[in-house]
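**Student:** Take a look and give me a structure for this.
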Amino acid sequence: MSQTTVREIHPNLYLLRVADTRTAYFEALWEIPEGVTYNAYLLKTPEGAVLFDGWKSVYQEAFLEALASLTPLEAIRHIVIHHMEPDHSGSLPALLDRLHGKVTLWGHPFTKKLLAALYGLTEIDFQAVKSGQSLTFGGHTLTFYHTPWLHWPETMVTHLAEGNLLLTGDIFGSFGLPEGIFDDEVDLQPYLDAARKYTISVIGFYRDKIVKHLTTLRDTYGVHPAMILPAHGLLWRQAPERIIQSYLNWAVGKPQPGKIAVLYSSMYRYVERGIGVLVDEFQRQGYTPVVHRMVDEERGSLADMLSDIVDSEAVVLGTETYEADVFPLTAFLLSEIIKKANFAKPLLVLGVFGWAPAAGRKLRGLLESSAFDPVHILELKGLLTGEGEAQIRAAVQEIVSHLAQTATTKV
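**Tutor:** Down below sits the predicted model:
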């Protein structure tokens, strides 16, 4: 039985939320033991109802029941589609079957193509909206703004003038199953960690669009919402500016002072021994290493690794040489880092080889196309020796000096 929540969050505006505990890998890629919610919204007016988005298809029957608890389905006159990804639109075909086409769909012009491509929906009443276009219905004014590539080409947001509310789809969303509905009902720091993980793994490839579109909403359109209503996670009523600023900070990789992201693979713990020295030296220098392992007993979450790069001051990548190349998991990790968390941060590579070095050289080549600054690439042979330990500590000191010099330059 799915856990659903139906709650009035503003006069005549209702949240319909389901807690997804079935999905182990979001988008079949990102590990989410914390779960995720899908949030839809219903606006009731004297002229009928307006629905904003929906749920994943596996929850469509629960979604229809939740809707029916608020209004007769035939009273739904308009459906606003912020984003066509099936975790939000999967329930749409079942709903349209019940409505027999007697409803108008509103969305970005590209949404119509996706309705046909994903669901074969062609015989529909669809209204393509321009950015800044408004719909007045039932005493309410809805204004639509395009936000393409956050994170699909057809994404948009809706501003409700009555209450100054902003419905944002995936933007400002998060992983997790928060116990509360609003930002003032939970401990925000753990939640923001989950939101950072969501942002970089799901939207990170288009992080430049975060800055562009949020700035446009604020400066060009003058949107300063009193409440932010995303399609995943918490609703923001006490401090909407906090999640806005957090997204802007994550988009540019603003660091948390002292944080070092340490990511490594180690088949037989040779790399791990070196990482132990490296972590000790960073701690001796007053830094806080956050460590993620890929070893024979456990494998860290790819999304968590990307997330901790976002607000780190520097990054450490540890790997062994494997078949004259970089260890495959490390190579895949780096490819995702360069796509989604590619920031101008100093990077230290620690490689270990058995009979011939290769990983360091290959990683240097891969990093040439990135924004990272490979301050030190160190490769050691086999068993960690006293000389090797000294080299590791010297490499850490080089990163520390680099950070100090950068901080002085900024001042």
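**Student:** tell me the helices in this structure, going along the chain?
**Tutor:** Counting by DSSP state H, the segments of the chain that form helices are 60-68, 86-89, 92-99, 109-119, 188-198, 207-215, 240-252, 270-284, 302-310, 328-340, 359-367, 386-410.
**Student:** Just name the most buried of those helices.
**Tutor:** With neighbours taken as mean count of other C-beta atoms under 10 Å, the helices of the chain reach their highest mean count in helix 302-310, at a mean of 25. Every residue, glycine included, has its C-beta placed from N, CA and C.
**Student:** pLDDT below threshold where in this structure?
**Tutor:** 1-2, 408-411 (pLDDT under 70).
**Student:** ok, now with 50
**Tutor:** Along the chain, the model assigns pLDDT under 50 to residues 1, 411.
**Student:** How is it divided into domains?
**Tutor:** 3-252, 259-410 (automatic domain parsing).
**Student:** hmm, back to that, tell me which of the helices of the chain sits nearest to T37.
**Tutor:** Closest approach to T37 among the helices of the chain is made by helix 86-89 (10.3 Å; C-beta to C-beta).
**Student:** what's the first-to-last distance across stretch 13-27?
**Tutor:** End-to-end span of stretch 13-27 (C-alpha to C-alpha, to the nearest Å): 29 Å.
**Student:** for stretch 342-355, same thing?
**Tutor:** 32 Å.
**Student:** so how far is it from its chain's centroid?
**Tutor:** Relative to its parent chain, stretch 342-355 has a centroid offset of 25 Å by C-alpha atoms, centre = their mean, to the nearest Å.
**Student:** mind listing what's buried in that stretch?
**Tutor:** Using 16 or more other C-beta atoms under 10 Å as the test for burial, stretch 342-355 gives 342-343, 345-353.
**Student:** Report the two of the residues you listed separated the most.
**Tutor:** Across the buried residues of stretch 342-355, the longest distance by C-beta to C-beta is 28.2 Å; it joins F343 and F353.
**Student:** surely P357 meets T321?
**Tutor:** Yes. Counting by C-beta atoms under 8 Å, T321 is a contact partner of P357 at 6.1 Å.
**Student:** Just want to know which of these two has more residues nearby.
**Tutor:** Between P357 and T321, counted using other C-beta atoms under 10 Å, T321 has the larger neighbour count: 22 against 16.
**Student:** which residues does that one contact?
**Tutor:** Contact analysis of T321 by C-beta atoms under 8 Å, 6 or more residues apart in numbering lists 327, 351-354, 356-359, 379.
**Student:** what does N342 give?
**Tutor:** Counted by C-beta under 8 Å, 6+ apart, N342 has contacts 370-372.
**Student:** For PyMOL, write the select line for the buried members of those.
**Tutor:** Provided next is the PyMOL selection string for whichever of these are buried by 16+ other C-beta under 10 Å:
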select buried, resi 370+372
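**Student:** Looking at the contacts of N342, which are in strands?
**Tutor:** Using DSSP state E to define strands, no part of the contacts of N342 is located there.
**Student:** nearest to L167, of the contacts of N342?
**Tutor:** Distances from L167 to these, taken by C-beta to C-beta, are shortest for A371, at 33.3 Å.
**Student:** List the contacts of the closest residue to that closest one other than its chain neighbours.
**Tutor:** Closest residue in space to A371, ignoring its immediate chain neighbours: A344 at 4.6 Å, by C-beta to C-beta, 6 or more residues apart in numbering. Going by C-beta under 8 Å, 6+ apart, A344 touches 253, 371-373.
**Student:** Check these against V271 and report the nearest one.
**Tutor:** Comparing the contacts of A344 against V271 with C-beta to C-beta places F372 closest, at 19.3 Å.
**Student:** For the closest residue to that closest one other than its chain neighbours, name its beta-bridge partners.
**Tutor:** Ranked by C-beta to C-beta, 6+ apart and with sequence neighbours excluded, the top spatial neighbour of F372 is L347, at 4.4 Å. As for beta bridges, L347 partners with V315, P374 under DSSP bridges.
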